[in-house]
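>>> Structure for the following, please:
(one chain, ligands or ions: 1)
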Amino acid sequence: MTNHAFKTGESRDQASLLPARIEDYVGPDNPVRAIDSFVRALDLAKLGFRHADRGVEVGQPPYDPADLLKLYLYGYINQIRSSRRLEREACRNLELIWLMKNLRPGYRTIANFRKENWKALKAANRSFVLLVRELGLVGGTIVAIDGSFFHGDARKASIFTRKRLAEQIAKLDQEIEAYGRSLEDNDAAEAKDQSKDRAGGPGGGDIGAKVAALMARRLRAQSDLDRLEESGETQLSRTDPDARLLSKSGQTLAGYNVQAAVDDKHKLIVASEVVNDSSDVGQLHAMAKAAKDALEAEALHVLADEGYYSSLELKACEDDGIVAYVPPSEGNGKLEKQGRFSRKDFSYEATADAYRCPAGASLYPMKGRFQNTSGRIEIRYASRKAICDTCQLRARCLSRKATTRIISRWEHEDVLERHRARMQGAGELMRRRSAIVEHPFGTLKCRAGYRHFLVRGFNKVRGEWSLMALCYNFTRVLNIMGFERFVACVAKVLLSRLRASGAATVRLQIAPQRFLVHITPWFALRRYQRPSLA
Ligand code: SF4
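Have a look, this model is predicted:
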């Protein structure tokens, strides 16, 4: 007989395994209380949450959107995203039992809340950015912008391009033709020998069914191709209608490109958007403007990588008081590779309104304006044929057939000249760019494991991304400020709301004890200087 001594748990028959009060399930500084305080400080009706402004009505009352939002915030912070898992956790997780006051919504209710409130979730995310701005946690002068691919709820094989559809149709045609030939052979063989039993071989009936199935697939592929032609789109997705094949650095995935503008001070996401284009070109101004509006900044410095370089976007930024730093795209360097002078070798002289070529000759503006393929209006500067004919550098400058050299200048080229001058001393800023903006994506993808969306379609995906961004910001702010300070600041917001509604006295009398506990540190915080919050 062995004689082991181990630690032993409590008896399962013991009557009081858990504290009697739900309030005692979580400690006084458990972060779940911060979620509770934050959601209570939100004006859910104003943010657009469904049922938030519901009065007393007949029938079964719905769940309070505040409770469901708390459930989702807790879930996304703790890497529990699926509605079925959230349903299970709400029944067995003591923190969630406390947060939800023992409410146990079913998975359909939970899933519907995320689907129906995508706009309100975006608004709640924006509301948190306003709060962090109020708390002085954003610098509001420098933001970095970048995009990151997230998998959608779709397989690569479910997304078709015109080329793929055309190939599929061609392949199906071949198969149908082959089966057609088999049918003809069958008919010929049957006519030759009516008495022969063919039960063991591929009967005409089987082949007919297979051909019908192939014809149905062909019809579907053709209708998809027609839809693509009509819409002018380049891809069509059969499962998630808005997911697209996105390619970068030789890798392709089916999903979305999430754009984020991140503030320099504490790497908080201040603006974000979900798009389905692989390219970041065309996103710079929209993201920079969204960040500027969210921060209510007078002037904003924006850092982005060369994937965002676009003269039209730089101009739009400048027009809106946004100073952009984007490394210029080098182009394909075709002329340099041929050993010929590129545009960089020609210098512009503003006083003479002329370009000076490497041989020292001047190129003067031609008559009229020209529109290039990207829609830019340009002025063309041409060299003199007589000078080029005798130039020693002709072979390095002109192509074999050309008689003069033409340099195009955008009508707003001064925007690019200012940008080029800025970029000369922006080495340190550009090094900071990746450290700022890659922090949230790295945290969400590597720490939380959020590399894919669980929902389909732009609206729902944007709602889910808002939850991810809100949870990233929320966790980060909690880490920066600490629990007590954060809850006290939120309590201040709640108190001012109650005061504004004229119900402060009454509501505070019935508020839970924990809320009153957090009001006290707020009064201490009034002496607290904002800059030291960081
Ligand atoms: S070929 Fe004409 S434009 Fe080119 S370097 Fe010579 S003179 Fe200048």
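>>> For burial, what's the neighbour tally of Tyr107?
Tyr107: 15 surrounding residues under other Cβ atoms under 10 Å. (C-beta placed from N, C-alpha, C; glycine too.)
>>> Verify the contact between it and Cys91 for me.
No - applying Cβ atoms under 8 Å as the test, Tyr107 and Cys91 come out as separate, 11.4 Å apart.
>>> For the residue in the stretch 51-200 of the chain that the ligand sits nearest to, give me phi and psi.
The stretch 51-200 of the chain approaches the ligand most closely through Ile145 (38.9 Å), counting by Cβ to the nearest ligand atom. Ile145 adopts backbone torsions of phi -120, psi 140, taken as degrees, to the nearest 10.
>>> Return the distance of it relative to Ala469.
Distance from Ile145 to Ala469, counting by Cβ to Cβ, to the nearest Å: 14 Å.
>>> cool, and Ala216?
Ala216 is 43 Å from Ala469, by Cβ to Cβ.
>>> More neighbours: those two, which one.
Legend: neighbour count by other Cβ under 10 Å for Ala216 and Ala469, higher for Ala469 (26 against 11).
>>> what does the stretch 251-400 of the chain have sitting close to the ligand?
357-359, 361, 383, 387-388, 391, 393-394, 397-398 (Cβ under 6 Å from any ligand atom).
>>> I'd like those residues laid out as a markdown table, including secondary structure.
Output for those, formatted as a markdown table (DSSP: H, G, I helix; E, B strand; the rest coil):
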| residue | secondary structure |
| --- | --- |
| Cys357 | coil |
| Pro358 | coil |
| Ala359 | coil |
| Ala361 | coil |
| Ser383 | coil |
| Ile387 | helix |
| Cys388 | helix |
| Cys391 | coil |
| Leu393 | coil |
| Arg394 | helix |
| Cys397 | helix |
| Leu398 | coil |
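>>> Among the residues you listed, the buried ones, what's the PyMOL command?
This is the PyMOL syntax for the buried subset of these, where burial follows 16 or more other Cβ atoms under 10 Å:
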select buried, resi 357+359+361+383+387+388+391+393+397+398
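>>> nearest to Arg238, of the residues of the stretch 251-400 of the chain next to the ligand?
Leu398 (51.9 Å; Cβ to Cβ).
>>> ok, now how distant is the residue lying closest to Glu378 once chain neighbours are set aside from Tyr74?
Once flanking residues are discounted, Glu378 sits nearest to Ser408: 4.4 Å by Cβ to Cβ, 6 or more residues apart in numbering. From Ser408 across to Tyr74, the span is 57 Å (Cβ to Cβ).
>>> For the residue of the stretch 201-350 of the chain found nearest the ligand, pull up the helix or strand it's in.
Proximity of the stretch 201-350 of the chain to the ligand (Cβ to the nearest ligand atom) peaks at Phe341, 6.7 Å away. Phe341 is part of no helix or strand, with elements assigned from DSSP states H and E.
>>> how near is it to Ser399?
Counting by Cβ to Cβ, the gap from Phe341 to Ser399 is 11 Å.
>>> Check whether Ala291 really touches Ala271, as I assumed.
Yes - applying Cβ under 8 Å, one finds Ala291 in contact with Ala271, separated by 4.3 Å.
>>> okay, and the common contacts of the two?
143, 261 (Cβ atoms under 8 Å, 6 or more residues apart in numbering).
>>> Now stretch 106-126: buried residues?
Neighbour-count burial for stretch 106-126 flags 110-111, 113-114, 116-126 (criterion: 16+ other Cβ under 10 Å).
>>> Looking only at neighbour counts, state which of Ser408 and Tyr74 leads.
Tyr74 (24 against 14).
>>> ok, that one touching Leu99?
Yes - under the criterion of Cβ under 8 Å, Tyr74 makes contact with Leu99 at 5.8 Å.
>>> By average pLDDT, which secondary structure element in this protein comes out worst?
Ranked by mean pLDDT, DSSP states H and E, the weakest helix or strand in the chain is helix 504-510, scoring a mean of 42.
>>> Quick one: low-confidence residue ranges for the protein.
1-3, 16-18, 56, 194-205, 330-332, 497-498, 501-534 (pLDDT under 70).
>>> how does it look with 80?
1-4, 8-20, 54-59, 180-208, 329-333, 493-534 (pLDDT under 80).
>>> Up against the ligand, what does it have?
Residues of the chain lying near the ligand (Cβ under 6 Å from any ligand atom): 357-359, 361, 383, 387-388, 391, 393-394, 397-398, 405.
>>> Now flag whichever of those is closest to Pro61.
After measuring the residues of the chain next to the ligand against Pro61 - Cβ to Cβ - the closest member comes out as Arg405, at 77.5 Å.
>>> In contact with the nearest residue in space to the closest one that is not next to it in sequence, which residues?
Spatially, and ignoring its direct neighbours in sequence, Arg405 is nearest to Ser383 (4.5 Å; Cβ to Cβ, 6+ apart). Going by Cβ under 8 Å, 6+ apart, Ser383 touches 357, 361-363, 404-406.
>>> Next, give phi and psi for Leu478.
Residue torsions, per degrees, to the nearest 10, at Leu478 are phi -60, psi -40.
>>> what about it, how many residues close to it?
Neighbour tally, Leu478, other Cβ under 10 Å: 18.
>>> try Lys46
Neighbours of Lys46 using other Cβ under 10 Å come to 12.
>>> Report the distance from the helix or strand Lys119 falls within to the chain centre.
Secondary structure from DSSP H and E places Lys119 in helix 118-134. Distance, stretch centre to chain centre, for helix 118-134: 16 Å (Cα atoms, centre = their mean, to the nearest Å).
>>> Need the CA coordinates for it. CSV is fine.
The C-alpha coordinates for helix 118-134 follow below in CSV (Å, rounded to 0.1, in the frame of the first residue of the first chain):
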residue,chain,number,x,y,z
TRP,A,118,-21.7,47.4,-36.5
LYS,A,119,-22.2,51.2,-36.9
ALA,A,120,-22.7,51.7,-33.2
LEU,A,121,-19.5,49.7,-32.5
LYS,A,122,-17.6,52.0,-34.7
ALA,A,123,-19.1,55.0,-32.8
ALA,A,124,-18.1,53.4,-29.5
ASN,A,125,-14.5,53.0,-30.8
ARG,A,126,-14.5,56.7,-31.8
SER,A,127,-16.0,57.6,-28.4
PHE,A,128,-13.0,55.9,-26.7
VAL,A,129,-10.6,57.9,-28.8
LEU,A,130,-12.4,61.1,-27.6
LEU,A,131,-11.9,59.9,-24.0
VAL,A,132,-8.2,59.2,-24.4
ARG,A,133,-7.8,62.6,-26.0
GLU,A,134,-9.6,64.2,-23.0
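>>> before we move on, back to that, for the residue nearest to Glu378, which residues make a bridge with it?
Arg380 (DSSP bridges).
>>> How about Arg369, nearest residue that isn't a chain neighbour?
Using Cβ to Cβ, 6+ apart, the closest residue to Arg369 is Ile377 (5.2 Å).
>>> Same check on His439?
Nearest one to His439, counting by Cβ to Cβ, 6+ apart, is Lys267 at 4.4 Å.
>>> The one you found: how many residues sit nearby?
20.
>>> Can you classify it as helix, strand or coil?
Strictly by three-state DSSP, Lys267 counts as coil.
>>> didn't it look like it was pressed against Ile436?
Yes - because the distance of 5.8 Å satisfies Cβ under 8 Å, Lys267 is recorded as touching Ile436.
>>> For the helix holding Lys119, name the packing helices and strands.
helix 44-47, strand 269-275, helix 284-295, helix 458-481, helix 483-501 (3 or more Cβ pairs under 8 Å, 6 or more residues apart in numbering; DSSP states H and E).
>>> Pull the residues that contact the first one.
Just to be clear, that refers to helix 44-47. Outside helix 44-47, the residues that reach it (Cβ under 8 Å, 6+ apart) are 52-53, 65-66, 69, 120, 123-124, 127.
>>> As a markdown table, those residues with distance to Ala157 would be great.
Compiled in a markdown table, the contacts of helix 44-47 are given as follows (distance: Cβ to Cβ, whole Å):
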| residue | distance to Ala157 |
| --- | --- |
| Ala52 | 41 |
| Asp53 | 45 |
| Pro65 | 38 |
| Ala66 | 41 |
| Leu69 | 36 |
| Ala120 | 34 |
| Ala123 | 36 |
| Ala124 | 36 |
| Ser127 | 40 |
